[in-house]
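Participant: Take this sequence and fold it.
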Amino acid sequence: MPDGFAEFAFTPEVEAATLPLWNKVKARITPLEWRLQAPLIAAINSLKAEKNAVILAHNYMTPEIFHGVGDYVGDSLGLAREAARSDAKIIVQAGVHFMAETSKVLAPDKTVLIPDLNAGCSLASSITAADVRLIKQRYPGLPVVTYVNTTAEVKAETDVCCTSANAVQVVEHVARLWGVDRVILLPDEFLARNVARQTHIGIIAWQGRCEVHERFTAADILELKAAYPNAQVLAHPECPAEVLEVSDFAGSTAAMSDYVMTKKPKQVVLITECSMADNVACDAPDTEFVRPCNLCPYMKMITLENIYETLLHDRYEVTVDAAVMMRARAAVQAMIDMPPLAVPARYDLVKARHHVDVELI
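Facilitator: Reported below is the predicted structural model:
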């Protein structure tokens, strides 16, 4: 326990209060670690009740956060939707800064806090609102689809947002709506390339990348398959296309979790951020998880200690300019309000239907 938290003891009361949580995570957290973590978990959960607060825990949080203090867990957009639906007065974003902004955009009347202001995102920081304005000048008349993994200012320059799960459907919908055969899809280059393989719509893309997913290679996957021939390999669409081509399934973090929970593979590899495997494993004890480990340094800035300090001192508040918030909300809402689409049973980027390259800006 760091200095300043020495007063938190693993008392019989703490042990009893956290026992159901311990039973869920004990395969992933050692008893020694739990004796240090459980007092903070109990204190955080008590503070939440006292302050009418909830914690939104992203899939990439470590298990003691995800299962220990998270009230709502999932991907970034799912958490933002929960923020909007929640009756809580305070929202603590256990995730990175753009997620906290999205929560504020969809829940403007709530106080949104983030435990560390430095918890950024390599993908979100790869593009600015000024960049988007210049792109629109260069390609007038084309719709701009922006991944939710972006800042509020970038969303404000956008016609409609998308997620990794619905990017193909959003691109095809806006192309039909606008009567065009090309769409600007920002900012993730690999997501754009993978979408281009699944649609006849031309894709104009930005060269942004997630520093976690871009590090995976096809050679990594083939080595894993050779070592674990019975494992199912599930990859995130922010990975390079060659990674998806040698994987068994590709989809968002929510889709990967759903795959494991419904198909119950005996052995699985999640090609994404490390902590996701730990979190899903707590709910899938009969599946063996092989863990190729690429950590997100920004996600790991969020800890039990700074979550506690955030709740105790009401810091650090995330705000968004009112005009930016209104326009960003319109872009997210445009996605939410789209008519029902013929979504495939799984978001299949493994087998390409088209072999058309994107136009990189």
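
Participant: residues near P31, how many?
Facilitator: Using other Cβ atoms under 10 Å, P31 has 8 neighbouring residues. All C-beta spots, glycine's among them, are computed from the backbone N, C-alpha and C.

Participant: Give me the pLDDT value at it.
Facilitator: In this model, P31 is scored at 94, pLDDT.

Participant: My reading is that I184 lies in a strand. Confirm?
Facilitator: Yes. With DSSP: H, G, I helix; E, B strand; the rest coil as the criterion, I184 is part of a strand.

Participant: Across the sheet, point out what pairs with it.
Facilitator: Here I184 sits in beta bridges with V144, I204, going by DSSP bridges.

Participant: Downstream of the host helix or strand of M325, the next helix or strand is which one?
Facilitator: Counting by DSSP states H and E, the element that carries M325 is helix 322-336. Downstream of helix 322-336, the first helix or strand assigned by DSSP H and E is strand 359-360.

Participant: just checking, what packs against the longest helix seen in the chain?
Facilitator: Counting residues, the longest helix found in the chain (DSSP state H) is helix 31-51. Contacts defined by 3 or more Cβ pairs under 8 Å, 6 or more residues apart in numbering; DSSP states H and E place helix 31-51 against helix 12-25, strand 53-58, helix 63-66, helix 304-313.

Participant: Please list the residues outside that helix that contact it.
Facilitator: 1, 5, 8-11, 13-15, 17-18, 21-22, 25-26, 29, 53-55, 64, 68-69, 71, 89-90, 304-305, 307-308, 311-312 (Cβ atoms under 8 Å, 6 or more residues apart in numbering).

Participant: Quick check: S257 is in a strand.
Facilitator: No. Judged by three-state DSSP, S257 forms no part of a strand; its state is helix.

Participant: For it, which non-adjacent residue is closest in space?
Facilitator: Closest residue to S257 apart from its sequence neighbours, by Cβ to Cβ, 6 or more residues apart in numbering: V280 at 5.2 Å.

Participant: Isn't the one you found up against V260?
Facilitator: Yes. Under the criterion of Cβ atoms under 8 Å, V280 makes contact with V260 at 5.4 Å.

Participant: L142 is in contact with A175, correct?
Facilitator: No. Using Cβ under 8 Å, A175 makes no contact with L142, being 9.4 Å away.

Participant: anything in contact with each of the two?
Facilitator: By Cβ under 8 Å, 6+ apart, A175 and L142 have these common neighbours: R182, V183.

Participant: buried set for the longest helix of the chain?
Facilitator: Buried residues in helix 31-51, defined by neighbour count with 16 or more other Cβ atoms under 10 Å: 34, 36-45, 47-48, 51.

Participant: What of stretch 261-269?
Facilitator: Neighbour-count burial for stretch 261-269, counted by 16+ other Cβ under 10 Å, picks out P265, V268, V269.

Participant: Send me that stretch as PDB with only the CA atoms.
Facilitator: Taking Å, rounded to 0.1, in the frame of the first residue of the first chain, the C-alpha atoms of stretch 261-269 are listed here in PDB:
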ATOM      1  CA  MET A 261     -19.400 -16.000 -23.300                       C
ATOM      2  CA  THR A 262     -21.700 -17.500 -26.000                       C
ATOM      3  CA  LYS A 263     -19.400 -19.900 -27.800                       C
ATOM      4  CA  LYS A 264     -17.400 -21.000 -24.700                       C
ATOM      5  CA  PRO A 265     -14.200 -22.000 -26.500                       C
ATOM      6  CA  LYS A 266     -11.900 -24.300 -24.600                       C
ATOM      7  CA  GLN A 267      -8.900 -22.100 -25.300                       C
ATOM      8  CA  VAL A 268      -8.800 -18.500 -26.600                       C
ATOM      9  CA  VAL A 269      -6.500 -15.600 -27.500                       C
END
